[in-house]
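Asks: I would like the atomic coordinates for the input below:
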Amino acid sequence: MLLLDTHALIWMFSDSERIPVETRKAMMENDLCVSIASLWEIGIKASLKREEKRLNINRSIIEIAGMCEQQGVGILPVTPEACDAVRTLPHIHEDPFDRMIVAQAMLGGMTLVTKDENIWKYPEVKRLW
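Replies: Got it, this is the predicted structure:
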């Protein structure tokens, strides 16, 4: 099972060439999921007032969730266990969304698909990209 980081989900749906060919191949060959925290992150970043910080997405979160369902991408809930795992993570990454995604990957034994080099600093996380 591959857990997509937020940018991997966005780029997957935009057919972005930013995802390396070997990573796209692995994504086609494995079950995929995304954290509900990623959808929350997209919603927050799409609502920001400052242009340089805002994420320009032309779809609602409900539409993105529907696209996930159509593509067979499961949506992981945030559980109390994941919240507790975040509490015990080393402070390598300060982004709360990324910390939740790391915790979920660790708890679920999933490989995290990410370009984020800070996430790569967690030695317990299996990662791809």
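
Asks: what about the helices in the protein?
Replies: Listed in chain order, the helices found in the chain under DSSP state H are 6-13, 21-29, 36-46, 61-71, 80-88, 96-108.

Asks: Pull out the buried residues from the last one.
Replies: Going back to what we said before, that points to helix 96-108. Phe97, Asp98, Arg99, Met100, Ile101, Val102, Ala103, Gln104, Ala105, Met106 (16 or more other Cβ atoms under 10 Å). Glycine gets a C-beta too; all of them are placed from N, C-alpha and C.

Asks: now the fourth one
Replies: In terms of neighbour count (16+ other Cβ under 10 Å), helix 61-71 has its buried residues at Ile64, Ala65, Cys68.

Asks: The first one is in contact with Gly43, isn't it?
Replies: I take that to be Ile64. No. Applying Cβ atoms under 8 Å, one finds Ile64 not in contact with Gly43, separated by 9.1 Å.

Asks: list the contacts for the closest residue to Phe13 other than its chain neighbours?
Replies: The shortest distance from Phe13 to any non-neighbouring residue, by Cβ to Cβ, 6 or more residues apart in numbering, is to Met67 (5.9 Å). Contacts here follow Cβ atoms under 8 Å, 6 or more residues apart in numbering; on that basis Met67 touches Phe13, Arg59, Val73.
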